[in-house]
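Novice: using only what follows, build the 3D model:
(2 chains)
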Amino acid sequence: MMVARILLFVLAASVAVASDAPGPYLPAAGAIEFAPRYPLWSDGMDKRRWIHIPAGAAIDKSDADAWEFPRGTRAWKKFSRDGAPNETRLIERLPDGSWRYLTYAWNAAGTEATLAPEEGIRERGIPSRADCLACHEGGAVPILGYSAVQLETELPAALGYLHGNCGHCHNEGALPALELSLAQKAADPKASAALTYASLVGRPSRFRPHGATAAQRVVPGQPAQSILVARMKSSDPLTRMPPLGVSIVDREGVTLISRWIETLSRQAPKEAP
Amino acid sequence: MTRTPLCLALAAAVLCTALAQRSAASDEQVARGKYLVTTSGCHDCHTPWVTGPKGPQPDMTRALSGHPADFPLPPAPKPSGPWIVSASATNTAWSGPWGVSFTANLTPDPETGLGKWTLKNFKDTIRTGRHMGRGREILPPMPIPMYKNFVDADLEAIFAYLQSIAPLRNRVPEPLSPSSKIPQQ
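Specialist: You can find the predicted model right below:
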């Protein structure tokens, strides 16, 4: 009886703590706010990001391009438009080493958020759980914005843009069939830039617009002829890139990439820019 | 000194046995994959149909090579009343509320089929309903809601079979969304 009473007391105490704790969608006490250098375009939404590493634990940075986050790591991203929060996404590393992805939809007053269903909320642009995996499990580490490239590496603007917006899927590991690597490496940025250049410039495109008998990913000097730009500019959901999380074209991004293509010599140089 | 060649011979024997077992399992897997492909309706849409003496039938010389690139189509008819879906005579192009879809080349041709795909790309596609698990959505009438329930072993068998068939070069056109202003070829 005594044991049962103690157990009940412990249970009641833990419930009380849980109900007093902030919602899981709020950054934990001690979480660090950060900003990646090469952010992902999300339809022009304002985004704030936090990361929390458990006390006493540390990130193993021995592989500059695959930081090992300790179990218990949590990262939040809050999406707002005109000051009104829309959703908060939470990535969490579980005790067994796997990762969990949750999205919370904010109420109209912006006072509280609730867990979004597995299939997401399409009309609010809130992704499904499967969509989380599509982007976050294409690279070496699911946390994309907190990395050596994103925090510590100086890249040419165009390459940084391609890394932040495309590299999480278009890398050597996720989609080898495409032979298209847009991810940059902190350990050897020159080599990754050369690979990006070689896989874009003058390379035939798998995607061909209707009626075209040939197409190239990037035609040096000619952004209007380059499939990379055409897919960034497209408002057609079956054509545009990235294929999810975007419905409004990133005009600044299109201009940045177009200008970069304009600067490329029509004779493909051997060296990366 | 005599132990080394003996060890090598033993190791070689073990390796050969392992390889033979793997090859046998692989044949079994390919056979299982063929069974699943022929009982799950893959040929119905991914092999173009032609009209033969007995009426429409799949053209097995183009088995599983998807919508033929050399079969130009006029724009799909407009939906009328409750009739909202149209299919081409080949059964490889479908028009509906989702736009126009063209069935994919499932043969192992490296440039136009699945030749460079990894098993993971294939499984991710079926499980998520997105091209290669990461790209655009796979459109109807591909029965993703049903096929995503295949167990891993079945998807692995299907992929093993698809990689074992004759590669056929056929560059299938991209799908058209309902809002697409691009004329069909």
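Novice: how many other residues sit next to whatever residue of chain B ends up closest to chain A?
Specialist: Per CB to the nearest CB, the residue of chain B with the smallest distance to chain A is residue B:116, at 3.6 Å. Yep, even glycine has a C-beta here, placed from its N, CA and C like the rest. Residues contacting residue B:116 under the criterion other CB atoms under 10 Å in any protein chain shown number 16.
Novice: same deal with residue A:241?
Specialist: A count of nearby residues for residue A:241, using other CB under 10 Å, gives 20.
Novice: could you find the closest non-adjacent residue to the most centrally placed residue in chain B?
Specialist: Nearest residue to the geometric centre of chain B (CA atoms, centre = their mean): residue B:106, 3.2 Å. Closest residue to residue B:106 in three dimensions, ignoring its sequence neighbours and counting by CB to CB, 6 or more residues apart in numbering or on different chains: residue B:64, at 4.4 Å.
Novice: I figured that neighbour hits residue B:47, correct?
Specialist: Yes. Residue B:64 sits in contact with residue B:47 when judged by CB atoms under 8 Å, with a separation of 5.6 Å.
Novice: spell out which parts of chain A neighbour chain B.
Specialist: A:130, A:133-135, A:138, A:169, A:174-179, A:207-211, A:235-239, A:243-244 (CB under 8 Å from any CB of the partner chain).
Novice: quick one: contacts for the one residue in the stretch 51-200 of chain A that gets nearest to chain B?
Specialist: For the stretch 51-200 of chain A and chain B, the shortest gap (CB to the nearest CB) falls at residue A:177, measuring 3.6 Å. Residue A:177 is in contact with B:116-118, B:121, B:132, counting by CB atoms under 8 Å, 6 or more residues apart in numbering or on different chains.
Novice: any idea how far it lies from residue A:52?
Specialist: 37 Å (CB to CB, to the nearest Å).
Novice: can you check residue A:137 too?
Specialist: Distance, residue A:137 to residue A:52, using CB to CB: 21 Å.
Novice: cool, residue A:123 as well?
Specialist: 31 Å.
Novice: same question, residue A:205
Specialist: 42 Å.
Novice: so which of those two has more stuff around it?
Specialist: More crowded of residue A:205 and residue A:52, by other CB under 10 Å: residue A:205, with 20 against 17.
Novice: tell me the phi and psi of the more buried one?
Specialist: Torsion angles at residue A:205 (phi, psi; degrees, to the nearest 10) stand at phi -100, psi 130.
Novice: can you show me the helices along the chain?
Specialist: Picked chain A for this. A:2-20, A:129-136, A:148-152, A:157-166, A:189-200, A:227-233, A:251-263 (DSSP state H).
Novice: correction: the question concerned chain B.
Specialist: B:3-39, B:42-46, B:119-128, B:144-147, B:152-164.
Novice: mean pLDDT for those: which is lowest?
Specialist: Here the helices of chain B differ in mean pLDDT, and the lowest is helix B:3-39 at a mean of 67.
Novice: near chain A, which residues of chain B?
Specialist: Counting by CB under 8 Å from any CB, the residues of chain B near chain A are B:99, B:116-118, B:121, B:127-128, B:130-137, B:139, B:171, B:173-177, B:179-180, B:182-185.
Novice: let's go with 7 Å and repeat that
Specialist: Contact residues, chain B versus chain A (CB under 7 Å from any CB of the partner chain): B:99, B:116-118, B:121, B:128, B:130, B:132-136, B:173-175, B:177, B:179-180, B:182, B:184-185.
Novice: pull up the distance across stretch A:238-247, start to finish.
Specialist: End-to-end distance of stretch A:238-247 (CA to CA, to the nearest Å): 11 Å.
Novice: next one: stretch A:228-245
Specialist: Span of stretch A:228-245 from end to end, CA to CA: 18 Å.
Novice: so what's residue 91 up against?
Specialist: You didn't say which chain, so I picked chain A. For residue A:91, the contacting residues are A:75, A:99, A:101, A:136, A:142-143, by CB atoms under 7 Å, 6 or more residues apart in numbering or on different chains.
Novice: please go with chain B instead
Specialist: B:44-45, B:49.
Novice: report the distance from stretch A:77-93 to the chain centre.
Specialist: In terms of CA atoms, centre = their mean, to the nearest Å, the centre of stretch A:77-93 is set 13 Å apart from its chain centre.
Novice: in that stretch, what's buried?
Specialist: Using 16 or more other CB atoms under 10 Å in any protein chain shown as the test for burial, stretch A:77-93 gives A:77-80, A:85-93.
Novice: what of stretch A:42-54?
Specialist: Neighbour count says stretch A:42-54 has A:42, A:45, A:49-53 buried, by 16+ other CB under 10 Å.
Novice: residues contacting that stretch, please?
Specialist: Contacts for stretch A:42-54 (CB under 7 Å, 6+ apart): A:27-28, A:30-35, A:39, A:59, A:70, A:72-81, A:86, A:125, A:145-146, A:245-248.
Novice: ok, 8 Å please
Specialist: A:27-28, A:30-36, A:39, A:59, A:69-81, A:83, A:86, A:125, A:143, A:145-146, A:245-248, A:250.
Novice: give the contact list for residue 125.
Specialist: I went with chain A, as the question did not name one. Neighbours of residue A:125 in contact, by CB under 8 Å, 6+ apart: A:43, A:86-87, A:245, A:247.
Novice: actually chain B
Specialist: B:131-133, B:138.
Novice: distance check, it against residue A:113.
Specialist: Applying CB to CB, the value for residue B:125 to residue A:113 is 32 Å.
Novice: which residue, other than its chain neighbours, is closest to residue A:33?
Specialist: Per CB to CB, 6+ apart, closest to residue A:33 is residue A:50, 5.1 Å.
Novice: remind me which residues of the stretch 1-150 of chain A are low pLDDT?
Specialist: Applying pLDDT under 70 to the stretch 1-150 of chain A flags residues A:1-22.
Novice: now with 50, please.
Specialist: A:1-2, A:6-20 (pLDDT under 50).
Novice: still on that earlier bit, tell me how many other residues surround the residue nearest to residue B:106.
Specialist: Neighbour count of residue B:64, defined by other CB under 10 Å: 27.
Novice: so who does it touch?
Specialist: B:37, B:42-43, B:46-47, B:105-107, B:162, B:165, B:168.
Novice: tell me the angle the strand of greatest length in chain A makes with helix A:129-136.
Specialist: Longest among the strand segments of chain A by residue count, using DSSP state E, is strand A:84-93. Orientation note: strand A:84-93 sits at an angle of 70 degrees relative to helix A:129-136 (axes from the mean of the first three to the mean of the last three CA atoms, to 10 degrees).
Novice: can I get strand A:84-93 in PDB, CA atoms only?
Specialist: What follows is strand A:84-93, C-alpha atoms only, in PDB (Å, rounded to 0.1, in the frame of the first residue of the first chain):
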ATOM      1  CA  ALA A  84       1.000  36.300 -37.300                       C
ATOM      2  CA  PRO A  85       2.400  32.800 -36.600                       C
ATOM      3  CA  ASN A  86       1.200  30.100 -38.900                       C
ATOM      4  CA  GLU A  87       3.100  27.000 -37.700                       C
ATOM      5  CA  THR A  88       6.000  25.800 -35.600                       C
ATOM      6  CA  ARG A  89       8.000  22.700 -36.700                       C
ATOM      7  CA  LEU A  90       9.900  20.600 -34.200                       C
ATOM      8  CA  ILE A  91      12.600  18.100 -35.000                       C
ATOM      9  CA  GLU A  92      13.700  15.900 -32.100                       C
ATOM     10  CA  ARG A  93      16.300  13.200 -31.700                       C
END
